[in-house]
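Peer 1: sequence below, structure please.
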Amino acid sequence: MIKLGGISVTPVLDSVVRLVPTEAYETTTRVDWSQHASLLDDEGFLRLTLGGYLVRSDHRVILVDAGVGPEDRVGKRATMPGGKMLDNLRASGTAPEDVTDVVFTHLHVDHVGWGAVGDRITFPNATYRCHAADWDYFTHGGAMGAPEKLAVMAPVMECWSAGTTLAPGFDVVEAPGHTPGSSIVVLSDGDQRGVLLGDVVHCPAELVDEEWETIGDVDPVLARRTATALAREYEGADVAVGAAHFADLRFGRLLVGEGRRRWVYT
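Peer 2: Here you go, the predicted structure:
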């Protein structure tokens, strides 16, 4: 958990995918990855975590993204195994009934999985929230969606269509490209700030190397432009940076380096 003034942010892990890095990022080479060896495990695999973040702000208990869910999902590059998000949520001291809001950075299947299981809402006292552009895209057959889950969530879903404040110190900001309504969450209390990047990037290397394409983008050119703009904004800033698939959902910072920025986990 990290604290930003009166806001707490707790990673809630669901499961893990291990990928061959040059297969996950098809335009990269082993030489490219040799400069990011610290991001790979002992066997040379890229470890992407699936899950979400629990944000407590004022009297709100907000889950940002809901993992892949209990069932395995077969993707283009790997199987995303069903996970333990609810168990880990309870282990952190929070029951599904305690959650007041479920905020989706976007509606890919590995972000909405625990939003509904079967024909039942998982977080019965929560308002669900997403960007209107994503709702339109994924309820009309967008790739990597989960239309059966969205149908169950529809009665409790509220959409935003522009950047807005959803709770004290909790703002959503449009960051399109990965999906039409891809958004980030900006957290602030006084002079303390943090940001949850969703899938603007999947691993920190994308924040360091501006030429890298990310994974599964609807609009790769726009996605790269969005990621580059955010990397430049947060470089050297005292901002805790997290993202939906960073290893163990850990936070880090972008530091100014000689010739190029550097990433360090905190």
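Peer 1: contacts, neighbours, all on C-alpha from now
Peer 2: Will do.
Peer 1: contacting residues around stretch 51-70?
Peer 2: 6-15, 50, 80-85, 98-105, 109-115, 117, 167-170, 244-245, 249 (Cα atoms under 8 Å, 6 or more residues apart in numbering).
Peer 1: quick one, strands of the stretch 101-250 of the chain?
Peer 2: For the stretch 101-250 of the chain, applying DSSP state E, counting those that start in this stretch gives strands covering 101-103, 116-117, 120-121, 127-131, 157-160, 164-167, 170-174, 183-189, 192-196, 239-242.
Peer 1: report all helices and strands that the following helix or strand past the last one contacts.
Peer 2: Moving toward the C-terminus from strand 239-242, the first helix or strand encountered (DSSP states H and E) is strand 252-255. Packed against strand 252-255 by the contact rule (3 or more Cα pairs under 8 Å, 6 or more residues apart in numbering; DSSP states H and E) you find strand 239-242, strand 262-265.
Peer 1: among these, which is the most enclosed?
Peer 2: Among the helices and strands packed on strand 252-255, the stretch with the highest mean neighbour count (mean count of other Cα atoms under 10 Å) is strand 239-242, at a mean of 22.
Peer 1: would you put the C-alpha positions of that strand in CSV?
Peer 2: C-alpha atoms of strand 239-242 as CSV (Å, rounded to 0.1, in the frame of the first residue of the first chain):
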residue,chain,number,x,y,z
VAL,A,239,4.6,11.3,-8.7
ALA,A,240,4.1,7.7,-7.9
VAL,A,241,3.3,5.8,-11.1
GLY,A,242,1.4,2.5,-11.3
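Peer 1: buried ones in stretch 69-83, by neighbour count?
Peer 2: Gly69, Pro70, Arg73, Met80, Pro81, Gly82, Gly83 (16 or more other Cα atoms under 10 Å).
Peer 1: to clarify, my last question referred to stretch 40-47.
Peer 2: Applying 16+ other Cα under 10 Å to stretch 40-47 flags Leu40, Phe45, Leu46, Arg47 as buried.
Peer 1: kindly report the same for stretch 214-225.
Peer 2: Residues of stretch 214-225 classed as buried by neighbour count (16+ other Cα under 10 Å): Thr214, Ile215, Gly216, Asp217, Pro220, Leu222, Ala223, Arg224, Arg225.
Peer 1: end-to-end on that stretch?
Peer 2: 11 Å (Cα to Cα, to the nearest Å).
Peer 1: neighbouring contacts of it?
Peer 2: Counting by Cα under 8 Å, 6+ apart, 24-25, 175-180, 200-202, 206, 210-213 sit against stretch 214-225.
Peer 1: now do it, average pLDDT.
Peer 2: The average of the pLDDT scores along stretch 214-225 is 92.
Peer 1: all further residue positions should be reported with the first residue as 8.
Peer 2: I'll keep to 8 as the first residue from here, and by that count the last item is stretch 221-232.
Peer 1: could you give the number of residues near His209?
Peer 2: Using other Cα atoms under 10 Å as the criterion, His209 is surrounded by 20 other residues.
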